[in-house]
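[1] Have a look at this prediction, sequence included:
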Amino acid sequence: MPENPPQPPDFTQWPSFPFEGDLRVKRLDDPVPVEPLRKGEGDRECTACSAPDEAYIWVGERWRVRAMDRPTGLPMVLILESRSHFDLGDLPNLLAAELGVMTVRLERAIRSLDGVARVHVNRWGDGSSHLHLWFLARPYGRLQLRGTFLSLWDSILPPISDEQWRENLALVAAWLGEFGGRPLAEPSRIQWQAPARFGAPSSLADAVTPREGEGGSVIEAAEETDEPVGRIPAPRTDPDPIEATGGARTTEPI
């Protein structure tokens, strides 16, 4: 293993790098002889397997989609999970084929939201052995957020409003529900009571009150084991074309 470079690498000068000023490269720790067990390995409980359907924004027979527990800086951050306990390399052929269909379908659903230019799809898997793919929406026109540092910017940017976040979740869930499964996310209820004050909040911070002690962003969920928040069910009985046929549909768009 080569020694740590004495100077920060070139990517610290990229326009997309979120930090500036003097930086110092950390000392690289010695490798451990045995890596620790992830969630869902050995006797460690699997959070995804024990989570009820109501903790997700959309559920199908073999796949589920969950959100973070509160709004973050990006328009949308979602996680696609297999219902069965498999890691990526362990998927049977049917689920491996469906993973491609579900990835494209969810990317299109998120990209259909207003103000979304691109959707980054990531798989890390160092915290949990249960397959989960991250979907991060890059805001339209925010060119500084392009590329590999998008997950960092999610923790830096001020969170979007709770109302917009819930509306986006409901739209994605409904989009997926058009192909089957059950959408469980609903938009915020309209508050008919007279407001305490008129006009927009003085700042975005006034509009959103984070819940103390709860991780919301991609970085805060670095262990990838945060339990998703529950949603109010919106029952739907349409069969998923994938699930009904046992394979990917080829006659209609995904």
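    Now that the structure is in, tell me what you want to look at.

[2] any idea how far the nearest residue to Ser128 once chain neighbours are set aside is from Ser129?
    Nearest residue to Ser128 in three dimensions, chain neighbours excluded: Lys39, at 4.2 Å (Cβ to Cβ, 6 or more residues apart in numbering). In short, each C-beta sits where N, CA and C put it, glycine included. According to Cβ to Cβ, to the nearest Å, Lys39 stands 7 Å off from Ser129.

[3] ok, these two, which is more surrounded?
    Applying other Cβ atoms under 10 Å to Lys39 and Ser129 shows that Ser129 carries more neighbours, namely 21 against 17.

[4] Please report the distance of that one from Leu80.
    Separation of Ser129 from Leu80 (Cβ to Cβ): 16 Å.

[5] What are the phi and psi values at the residue nearest to Ser128?
    Torsion angles at Lys39 (phi, psi; degrees, to the nearest 10) stand at phi -60, psi 130.

[6] for the protein, longest helix please?
    For the chain, the helix that runs over the most residues, judged by DSSP state H, is helix 93-111.

[7] And it, what does it pack against?
    In terms of contacts (3 or more Cβ pairs under 8 Å, 6 or more residues apart in numbering; DSSP states H and E), helix 93-111 is packed against strand 63-67, strand 77-82, strand 116-122, strand 132-139, helix 162-177, helix 241-245.

[8] Report the mean per-residue pLDDT for the helix or strand following the fifth one.
    Right, the one you point to is helix 162-177. Using DSSP states H and E, the helix or strand that follows helix 162-177 in sequence is strand 182-183. Strand 182-183 shows a mean pLDDT of 96.

[9] pLDDT at Met1, what is it?
    On pLDDT, Met1 comes in at 51.

[10] ugh, typo on my part, it should be Phe11
    Phe11 carries a pLDDT value of 77.

[11] Wait, it touches Phe17, no?
    Yes - at 6.1 Å, Phe11 and Phe17 qualify as touching, with contact defined as Cβ atoms under 8 Å.

[12] neighbour count winner among those two?
    A direct count of neighbours by other Cβ under 10 Å for Phe11 and Phe17 places Phe17 higher, at 18 against 11.

[13] For that one, which residues are in contact?
    The contact partners of Phe17, by Cβ atoms under 8 Å, 6 or more residues apart in numbering, come to 11, 149.

[14] Please shift the residue numbers so they start at 49 in all later answers.
    In the new numbering, first residue 49, that becomes Phe65.

[15] Please identify which helix or strand holds it.
    Phe65 belongs to no helix or strand when assigned by DSSP H and E.

[16] distance of it from Pro123?
    To Pro123, Phe65 is 21 Å away according to Cβ to Cβ.

[17] do the same with Glu226
    Taken as Cβ to Cβ, the span from Glu226 to Pro123 is 20 Å.

[18] same deal with Met150?
    Met150 is 20 Å from Pro123, by Cβ to Cβ.

[19] Likewise for Glu211?
    Using Cβ to Cβ, Glu211 is found at 13 Å from Pro123.

[20] Look at the two and report which has more neighbours.
    For the pair Glu211 and Pro123, the greater number of neighbours falls to Pro123 (22 against 16), based on other Cβ under 10 Å.

[21] Could you confirm the more buried one falls within a strand?
    No - checked against DSSP: H, G, I helix; E, B strand; the rest coil, Pro123 lies outside a strand; its state is coil.

[22] for it, what are its contacts?
    By Cβ under 8 Å, 6+ apart, the contact list for Pro123 reads 161, 163-164, 185, 187, 208, 212, 216.

[23] can you do 7 Å?
    Contact analysis of Pro123 by Cβ atoms under 7 Å, 6 or more residues apart in numbering lists 161, 163-164, 185, 187, 208, 216.

[24] Ok, Val107 next?
    By Cβ under 7 Å, 6+ apart, the contact set of Val107 is 101, 229-230, 232.

[25] how close does the closest residue to it other than its chain neighbours sit to Gly108?
    In space, and not counting its chain neighbours, Val107 is closest to Asp101: 4.6 Å by Cβ to Cβ, 6+ apart. Using Cβ to Cβ, we find Asp101 at a distance of 10 Å from Gly108.
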